[in-house]
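Trainee: need a structure here:
(one chain, ligands or ions: 1)
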Amino acid sequence: MNRNSRIAIAVLAGAYSAFTLAAQAQGDAQRGAKAFQACAACHTLEPGRNLTGPSLANLFGHEVKLQGGGTVVADDAYLRESIMLPQTKIVDGFLPIMPTFQGLLSEEQLLQLIAYVKTLKGPAAAQPPAGPAGAPAPQQK
Ligand code: HEC
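Mentor: Sure thing, here's the model as predicted:
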């Protein structure tokens with residue numbers, strides 16, 4: 001039973017790497033911290049300290065204002081898109097100059113980076129996003 005469930009988990013993890021993200025978030029985050037060196041020229045991890053790109057502190061789970069109006073909540077999908085297809089959504093007040101990392105990062109490295117960015121929460125980020133506009137419509141059917 002134990003062995004079977006372990007095998008099942010291993011199979012699932014291979015097929016759905018999102019699962020491994022949850023299970024190995026911490027190890028991933030540590031490796032992601034290394035991969036982040038590729039980003040540090042343009043992104044700080046200090047809240048509010050922007051370089052060419054916005055600070056990535058407190059980003060995950062928070063609402064981002066986009067160029068041309070509109071907002072997006074920074075979830076896994078947004079982080080992935082921001083790194084692989086950075087021109088798709090441009091953060092308000094910034095230039096669309098982030099290079100794509102498609103082909104430069106393996107899927108594994110990408111997941112590690114995302115896990116890392118998710119850990120960059122300041123104390124304020126421990127609370128759920130304030131205001132109805134930021135709430136991601138939880139129980140909708
Ligand atoms: C040459 C500078 C540059 C590099 C290198 C760079 N970025 Fe960016 N990044 C930007 C800029 C400028 C923006 C804002 C414009 C936009 O939305 O594309 C941005 C936006 C982002 C966003 C969205 C931020 C938000 O507040 O919504 C994420 C996430 C991100 N970058 C992650 C990364 C990661 C991870 C790396 C390294 C793999 C990286 N970036 C490397 C310049 C850079």
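
Trainee: Going along the chain, name the helices of this protein.
Mentor: Assigned by DSSP state H, the helices in the chain fall at 2-15, 17-23, 25-35, 76-84, 107-119.

Trainee: Quick one, which of the ones you listed gets closest to the ligand.
Mentor: Counting by Cβ to the nearest ligand atom, the ligand lies closest to helix 76-84 out of these; the figure is 3.7 Å. Bear in mind the C-beta positions are built from the backbone N, C-alpha and C, glycine included.

Trainee: coming back round to it: point out the most buried one among the helices of the chain.
Mentor: Most buried of these, by mean neighbour count (mean count of other Cβ atoms under 10 Å): helix 107-119, with a mean of 20.

Trainee: ok, and what's touching it?
Mentor: 17, 20-21, 24-26, 28-33, 35-36, 39, 56, 59-60, 76, 79-80, 83-84, 101, 105 (Cβ atoms under 8 Å, 6 or more residues apart in numbering).

Trainee: Now look at that helix and say if it contacts the ligand.
Mentor: Yes. Between helix 107-119 and the ligand, judged by Cβ under 6 Å from any ligand atom, the touching residues are Leu113.

Trainee: Apart from its neighbours in sequence, what residue is nearest Phe50?
Mentor: No Phe there; residue 50 is Asn. Excluding its sequence neighbours, the residue lying closest to Asn50 (Cβ to Cβ, 6 or more residues apart in numbering) is Thr44, at 7.3 Å.

Trainee: Revised request: answer the last question for Pro54.
Mentor: Leaving out its chain neighbours, Pro54 is closest to Val91 (Cβ to Cβ, 6+ apart), at 5.4 Å.

Trainee: Kindly provide the distance from the one you found to the ligand.
Mentor: Noted for Val91: a distance of 4 Å to the ligand, by Cβ to the nearest ligand atom, to the nearest Å.
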